[in-house]
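> What follows is a predicted structure for the sequence shown.
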Amino acid sequence: MSIFKLIIILCITCFKVYAQDIDIINVTLNDTVLKQNISEYIKETKAIDTTFNNIGYVIVNIKGINNYNKGKDVFKIYNIYDSSYSLENKDQDNMYPHYYTYVDDKLVLIYNDLNKELFQYTFSYKSKKKLRKLTEPFLSPKIKPKDLPKNRKERDFIKDFREQYVRFRHTELIIIKGENPIVIKNVH
């Protein structure tokens, strides 16, 4: 086999691996500090807004390792907040999380911001569809057909409409190696 053919085979193989879709993974949280803070966030949010008892899920962004605090060794940084937005079929891959789990019977979507900066990837159609199905019980109901307007343009525009809630509240969890975590809670 010539070197030229070998190079072509290697290129094709590399492109196949590059183009592979990855799955959104169901995980078990090992970080007890993170799990405890998610649980506290859920309880506090339910106390502030009873709508969160039935509608909404939790989002965790892994911000990664940051050494801006020179006197301490910052180990992990997480942002925790909630959402009631649906993931759409046509949404880009960056709208989907890398992982998901449940804490206190609430769906938790986990985004790893480090992965977004380092790698280009796509999630499989099957795993995105599964995640949309998993989020459905945590969303407000879609508008009922009987409540749709008679005008076709208006009806087509709002046929998948559902009420969505915006809450300007989040928690930032900074874990310093060897010390108690610092929890910064913002309520706006």
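All right, it came through fine.

> which one is residue 27 nearest to, not counting chain neighbours?
residue 99 (4.6 Å; C-beta to C-beta, 6 or more residues apart in numbering). C-betas here are computed from N, CA, C, even on glycine.

> Tally up the residues packed near that neighbour, please.
With neighbours defined by other C-beta atoms under 10 Å, the count for residue 99 comes to 17.

> just residue 33 next, same as before
Residue 33: 15 neighbours (other C-beta under 10 Å).

> For this structure, just list every one of the strands.
Secondary structure of the chain, counting by DSSP state E: strands at 21-22, 25-26, 57-62, 74-83, 99-103, 106-112, 122-123, 169-176, 182-187.

> ok, of these, where does mean pLDDT dip lowest?
Here the lowest mean pLDDT among those goes to strand 182-187, at a mean of 67.

> before we move on, back to that, what's opposite the residue nearest to residue 27 in the beta bridge?
Under DSSP bridges, the beta-bridge partners of residue 99 are residue 25, residue 110.

> In this model residue 26 seems to touch it, though I could be wrong.
Yes. Proximity of residue 99 to residue 26 meets the contact threshold set by C-beta atoms under 8 Å, at 7.4 Å.

> What ranges does this protein have for its helices?
3-18, 32-48, 113-118, 125-135, 152-158 (DSSP state H).

> Now do stretch 98-113: distance from first to last residue.
One end of stretch 98-113 sits 9 Å from the other (C-alpha to C-alpha, to the nearest Å).

> neighbouring contacts of stretch 23-40?
Contacts with stretch 23-40, where a contact means C-beta atoms under 8 Å, 6 or more residues apart in numbering, come from 58, 60, 76, 78, 80, 96-101, 103-104, 108, 110, 123-124, 126-128, 130-131, 171, 173, 175, 181, 183.

> which residues touch residue 81?
58-59, 167, 169-171.

> so what's it bridging to?
residue 59.

> what about it, distance to residue 124?
26 Å (C-beta to C-beta, to the nearest Å).

> One more: residue 169?
33 Å.

> Between those two, tell me which one has more neighbours.
residue 169 (17 against 14).

> Pick out the shakiest of the helices of the chain, pLDDT-wise.
helix 3-18 (a mean of 46).

> Now stretch 43-61: buried residues?
By neighbour count on 16 or more other C-beta atoms under 10 Å, the buried set for stretch 43-61 is 45-46, 52, 55-61.

> Before I go, just wanted to say thanks for your time.
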